[in-house]
Every structure is written in structure tokens, then in C-alpha cells.
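J.: What would the 3D arrangement of this be:
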Amino acid sequence: MVAYEETPLISNSKVLRKSSKSTPSCNKYIGVAACVAFASVALLSFRDSNRIFLASTSHNNQTNKTSMWFPDDFIWGAATSAYQIEGGVSEGRRGPSIWDTFCMQSPDHCHGDTGNVTADHFHLWQQDVELMHSLGLKAYRFSISWSRILPTGTAEGIESGDHRFSMTKGINYDGVQFYNNIIDALIEKGIQPFVTLYHWDLPQALQDKYGGWESKQIIEDFAKYARICFQFFGDRVKYWITINEIWTIAIGGYEQGTKAPGFISEEQGGTGRPYVVAHNLLLAHSRAVDVYREEGYSNWYLHGSSNTKGMIGISNSGDYRFPLDFKSQADRSAANRAMEFQMGWLVRSSSFYSLTFIFQVSAEMVSTCADQTDPIWFGDYPESMKNILGKRLPSFTKDEKKLMRGSADFIGLNHYSSMMAAAPLNPSNYSGYWADQNVTLSDDPSWNKTYMGWNIVPSGGREMLVWLDKRYKHPLIFITENGMASDEPDMEHSLHDTSRQEYLHGYIRGFGQALKQGVNLGGYFAWSLMDNFEWEYGFSKRFGLVHVDYSSLTRLDE
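T.: Purely as a prediction, here's the structure:
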């Protein structure tokens, strides 16, 4: 492992530097990064009251301890998604998804790869649960494939509060049993399941039937699907996530065309395609939460204390934006606007900057913060977005606002990177979502980058948490994704993955610092448990803590 020393916390500089005394010391088949994330934090931790000490091993195999503020009940886990690891796309009576279609449409999609087999979790799930147990995971976040439960996307005869599904037409009970087996195996090993209902793999049948997320018809179909999942799995699943990264679905799938279903937005006037899609996703989320709460499914959770209710939330991507010039009001406004067009659009972050910044926030910005709203917490979009987009941004009805407001028990944050934001010097010569922000984004040249080209800025992760905590008055937050792709040209690089080790160590430390500042952080999930199908990049990018040999499907553990 690698020992670290701490440096002053300045937002646009490195937070950690590598100690001069460092040598790999871990299970070579699992890889160094996996050991840092879980052996170091979960297995080799030393507890003192509600403080946790991150263990690191020096050159002479002596264990060092650096104080990390994680509570005893802090949840350590790793995450995956169905399409990225399962494979078995034509097995178990699963129906096709939009990602099956997207990857087959053109060799230019998905790096010429498909999710037909990927890590073959469909057949190797028992081995994978044993692997999680050996790594010391306390929780596992995974998604359910909508088209594996409902091959045509919906089922007949399901009404509100109807708990009699045994003869309902449309449910694939092979798929139900597959996820029942995984959940039961996790619980047997003492691993808490965190279940995501939707991680981008919409049934192709619904895309063909009415255009998928562009139609409001999908809202009730999603509610039916959610009801079925709550019915079959809710007695053992405490934590539910409705939808993963609405922003990525809307922008990647309906603006940039890089993700399924692969549409490129060409609009300038009228209601923008990605804004319609995000609007329907938000309404689908709120309906699923309504089903969970109002139909009594939050009381179904029986594992552990009988007095413990289930919880439901949403995971959104949140990259942090530092003003390029902290002294510039225009740049501070640009950074705020960029955040509103990502996190604020969907879980509405505020314009409040943490007081750990070098410059304090102006009274004008604090006032602006107080006036702004948010769909999930406050029932509406940010005022800045409404002012800029006008009629291109759909509006909520009075009843929809009521349904949206407070529709999450926790915030799931998927955080990978940060950038600098500035007010543009000239008008943009393009249209669409990125022009709507009216922000120029850039990198600090001192920042290192991942193999994806994303900036490594642990202080951004800390500030993202502080920001959410300030705005929403101390909500429960989970880091539902955090990780990196590193360059692994051969097995030697994969098994001595020090870059990922340093990334995880830096970000975990940054999140720990946010905890120390009072943020209500309940857990951390590394992305990803194992190498998998990385969407439009196919198998060319590896995010896994565990290396997967795609030719043999071997997980490199002893």
C-alpha cells in the first residue's frame, strides 16, 4: 500500500502527496486498489469511538494510522449496474433493452463492443458474491434490469396497492428469481443490498411503443415496474434508488447522442428534447417514491430491526465547479450557473460556497440561494434555468409539484471530477444545452487526469458534499459512485494499479474531511466492483477494483 501525508487544503491544488516510503503490499491477484478501498478502510481499520483510522503499510510492513472521520456505522461498498456486468441478454427470458439496440446499430457505437456477455454476472453471480465477501464489503449497490423483470416493459392487471402478482401477465419470474437469489446470497454474507431500479437500460419495447422517456406515458409504466420490485424484494432491501443520473440520460442520450437511444439535439427554439426527457424522469421518480411510501412498501423491510423502515432516494451526477477567478463576480456566477444546470436541474444545488474557500460568498449570492428552488426538495426548477430557457423548460402542475417536493429520503451523489468555470468572453457559436449554460469550462493545469481525461481533484469532492449539506439543511447523503479508469496496457499494470490506489485514497480522505465538517454522509460506494462494459467506450476503459479477463471471464482473485 501507499502511505500519505496531508498538505494544506486549497481548492485548486492537490490535497495529497505520496510519501517517500511506499511499496505495494496486498493480494496481487485482486489488485492494490481493491485492497486500499476495502482492506485498508474496512478490514484494517482501527476504531476509537466514532472515529475510524485509515491504515497504510510502510516499506517495512509496519502499519501507520491517519485519522479519518467515519462513524462506526458508515457503510462501505462497491457498485455495478445490470447492463454493464450481467450479460445473458438472450437468456432467462429477458427482453431487449435500448442498449442492446444502440450497440448493434453501428460499429461506431460502444467502441464496437456489446453487453451480450460482458463480465457474465448472470452466470457467475455466486462467485461474485463470494468475491465481495472476501473483499470485506459491507454493502453492494446494483441495478435491476427492467427488461429482465418485464420483457415488454409493462404488465397487465397491476393496480395501486395490488399485492397479488402470482398470475399477473407480463412478469418474468425467471428474472425475479435471479435477483431473489442475489439478494438472499448478499444477506447471508452480511452484505447490505442497495438496489437501483433504473440504470439506463430501458426496455426496447417501450422505446418502440411511444418513444420511451420522451412520452409521459412512461411515468405510470415506471410506477408499475417499481411496484413489482418493491413487492418481490422490499422485505429484504432497505435502500432503494429510483433512477441513476437523470442528467446523463438526458444529455448523453438526447443531446450528444453518445448514449442510448443515441439522439442528437438540433433544437434552438421550442421545448428542448433533453429537458422533456429529464422532466419525465423526475416525474417517474416521484411516482415511484409515492408508490413506495403511500402503498406501504417502506414498512416491508424486515431484515434486522423490525422497527427499521426502508428508504428511497435518487442518484445524480455532481461534478464540482470552482470559479476560475475567485475575485470575479462574473466567474462566481458562472460556476453557480454551471452547477444549477447539472445538479440543480435535478436535485437543485445552491449558490452557496463553502467557507473553506479563500474568498467569502457575497451577500447577493446568499440572497440568491434563499430564493432558489429544486424539483426533489422544493418541487420546482431553479429560477436561473426558468429565466434562461423560458418555455423550452417544461413546467410542473400544482399536483406534480406536491408529489415532487420531498421525494427522497437521501441524496445519492455520483462524483468523479471537477472543473474551473468562467463567464464567456464571447457568445457561443453553437446551440443546445451547453450553450444554454453560458459558461466556459477549463482545467487547472496542476491537476492530474484519469484515463478518461477527467480531473483528479479530491477537494472538489469535499466541497460538493459541503455544498449539498448547506443547501438542504443536513440531508443524508451517500456517495453512490466514485472511481477512475486507469491506463492498463498489460496485466502488470492492472495488478499494481497505484494510480487508482492514490485516487481512492485521496477522495476517501476528502469525503472524510467533509464528514469532519458536519456533513451527514452515510456511506461510500466505489465504482466499480469489477471491470465491465463502460457504455460508449465498450471494454476500452477499466474502472474495476477487481480485474476481469474478458476472454476467460476470470476474476483475478486467489
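
J.: Test my guess that F194 contacts F233.
T.: No - using CB atoms under 8 Å, F194 is not in contact with F233, being 11.8 Å away. Bear in mind the C-beta positions are built from the backbone N, C-alpha and C, glycine included.

J.: Those two: which is more packed in?
T.: A count of neighbours by other CB atoms under 10 Å puts F194 above the other of F194 and F233, at 27 against 21.

J.: Nearest spatial neighbour of A422, chain-adjacent residues omitted?
T.: Nearest residue to A422, sequence neighbours excluded (CB to CB, 6 or more residues apart in numbering): L324, at 3.9 Å.

J.: can you check S418 too?
T.: G460 (3.0 Å).

J.: F511 versus the one you found, what's the distance?
T.: Remark: distance between G460 and F511 (CB to CB, to the nearest Å) = 11 Å.

J.: One more: Q501?
T.: According to CB to CB, Q501 and F511 sit 16 Å apart.

J.: for whatever helix or strand M104 lives in, packing partners?
T.: Using DSSP states H and E, M104 sits within helix 98-105. Here helix 98-105 touches helix 204-210, going by 3 or more CB pairs under 8 Å, 6 or more residues apart in numbering; DSSP states H and E.

J.: In the helix it packs on, which of the residues would be classed as buried?
T.: In terms of neighbour count (16 or more other CB atoms under 10 Å), helix 204-210 has its buried residues at 204-207, 209.

J.: and what of stretch 398-407?
T.: Neighbour-count burial for stretch 398-407 [16+ other CB under 10 Å]: 400-401, 403-405, 407.

J.: how about those in TSV, adding distance to Q126 and pLDDT?
T.: TSV is the format used below for the buried residues of stretch 398-407 (distance: CB to CB, whole Å; pLDDT from 0 to 100):
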residue	distance to Q126	pLDDT
E400	43	96
K401	46	94
L403	40	95
M404	40	93
R405	42	92
S407	36	95
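
J.: Sitting in helices, which of those do you find?
T.: In helices, judged by DSSP state H, the following of the buried residues of stretch 398-407 are found: 400-401, 403-404.

J.: Make TSV from those residues and add distance to D290 to it.
T.: As requested, those are exported to TSV (distance: CB to CB, whole Å):
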residue	distance to D290
E400	11
K401	13
L403	6
M404	10
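
J.: so which of those residues comes closest to S81?
T.: Nearest to S81 among these is M404, at 24.9 Å by CB to CB.

J.: residues touching the closest one, list them.
T.: Taking CB atoms under 8 Å, 6 or more residues apart in numbering, we find M404 in contact with 282-283, 286, 375-376, 379-380, 396.

J.: Any regions of the stretch 251-400 of the chain where pLDDT drops low?
T.: By pLDDT under 70, the low-scoring segments of the stretch 251-400 of the chain are 266-271, 302-307, 347-374.

J.: which residues in it form strands?
T.: 311-317, 320-323 (DSSP state E, counting those that start in this stretch).

J.: Dump those strands into CSV; add distance to Y83 and mean neighbour count as well.
T.: Formatted as CSV, the strands of the stretch 251-400 of the chain follow (distance: least, CB to CB, whole Å; neighbours: other CB atoms under 10 Å):
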stretch, distance to Y83, mean neighbour count
strand 311-317, 16, 25
strand 320-323, 28, 26
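
J.: Out of the ones you listed, flag the one nearest M484.
T.: strand 311-317 (14.7 Å).

J.: Just the C-alphas of the closest one, formatted as PDB.
T.: Extracted C-alpha coordinates of strand 311-317, given in PDB (Å, rounded to 0.1, in the frame of the first residue of the first chain):
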ATOM      1  CA  MET A 311     -35.600   4.200   2.500                       C
ATOM      2  CA  ILE A 312     -35.700   5.500  -1.000                       C
ATOM      3  CA  GLY A 313     -33.700   8.200  -2.900                       C
ATOM      4  CA  ILE A 314     -32.100   9.100  -6.200                       C
ATOM      5  CA  SER A 315     -28.600   9.200  -7.500                       C
ATOM      6  CA  ASN A 316     -27.400  12.100  -9.600                       C
ATOM      7  CA  SER A 317     -24.000  13.000 -11.100                       C
END
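
J.: Show me what it packs onto, helices and strands only.
T.: Partner elements for strand 311-317 (3+ CB pairs under 8 Å, 6+ apart): strand 239-244, helix 246-254, helix 273-294, helix 345-347, strand 411-414, strand 477-481.

J.: Could you export the ones you listed as CSV, including distance to Y320?
T.: Below are these laid out as CSV (distance: least, CB to CB, whole Å):
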stretch, distance to Y320
strand 239-244, 19
helix 246-254, 14
helix 273-294, 20
helix 345-347, 14
strand 411-414, 11
strand 477-481, 13
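
J.: Would you map the strands across the stretch 1-150 of the chain?
T.: 2-6, 16-22, 46-48, 51-57, 63-68, 75-79, 139-143.

J.: Pick out the shakiest of the ones you listed, pLDDT-wise.
T.: Of all the strands of the stretch 1-150 of the chain, the minimum mean pLDDT falls on strand 16-22 (a mean of 27).

J.: Helix or strand next in line after whichever strand or helix holds M420, which one?
T.: For M420, the host element (DSSP H and E) is strand 418-422. Counting by DSSP H and E, the next helix or strand C-terminal to strand 418-422 is helix 433-437.

J.: circling back to that earlier point, what's the most distant pair in the ones in helices among the buried residues of stretch 398-407?
T.: Farthest pair in those (CB to CB) is K401 and L403. Separation: 7.3 Å.

J.: Can you tell me which residue is spatially central in this protein?
T.: Per CA atoms, centre = their mean, the C-alpha nearest to the average position across the chain is that of N414, at 3.5 Å.

J.: Setting the sequence-adjacent residues aside, check what's closest to that one.
T.: E481 (3.8 Å).

J.: where's the strand holding M420 relative to the chain centroid, distance-wise?
T.: 21 Å (CA atoms, centre = their mean, to the nearest Å).

J.: Please apply the same query to stretch 188-202.
T.: Centroid separation for stretch 188-202 versus its chain: 12 Å, with CA atoms, centre = their mean.

J.: Endpoints of that stretch, how far apart?
T.: 30 Å (CA to CA, to the nearest Å).

J.: looking at it, T118 is touching N532, isn't it?
T.: Yes - between T118 and N532 there is a contact at 5.8 Å, judged by CB under 8 Å.

J.: joint contacts of the two?
T.: With CB under 8 Å, 6+ apart as the test, T118 and N532 both reach 84-85.

J.: And I144, how close does it get to D174?
T.: 13 Å.

J.: Show the end-to-end separation of stretch 401-419, please.
T.: Taking CA to CA, stretch 401-419 runs 32 Å from one end to the other.

J.: swap in stretch 451-464?
T.: End residues of stretch 451-464 are separated by 22 Å (CA to CA).

J.: buried ones in that stretch?
T.: Here stretch 451-464 shows 451, 454-464 as buried, counting by 16+ other CB under 10 Å.

J.: And stretch 234-248, by the same measure?
T.: 234, 236-248.

J.: pLDDT wise, what is F74 at?
T.: For F74, the model assigns a pLDDT of 96.

J.: Ignore what I typed, I meant H505.
T.: As predicted, H505 sits at a pLDDT of 94.

J.: now K473
T.: Reading off the model, K473 has pLDDT 85.

J.: I'd like the distance between it and G406.
T.: Computed as CB to CB, the K473 to G406 distance reads 12 Å.

J.: likewise P489?
T.: For P489 relative to G406 (CB to CB), the value is 49 Å.

J.: can you check Y254 too?
T.: 27 Å.

J.: go on, L425?
T.: Applying CB to CB to L425 and G406 gives a distance of 41 Å.

J.: Would you mind measuring from Y83 to L202?
T.: On the measure of CB to CB, Y83 and L202 end up 10 Å apart.

J.: Show me whatever sits in contact with both of these two.
T.: Here Y83 and L202 have S97 as joint contacts, going by CB under 8 Å, 6+ apart.

J.: the more surrounded of the two?
T.: Y83 (27 against 23).

J.: Thanks a lot, catch you later.
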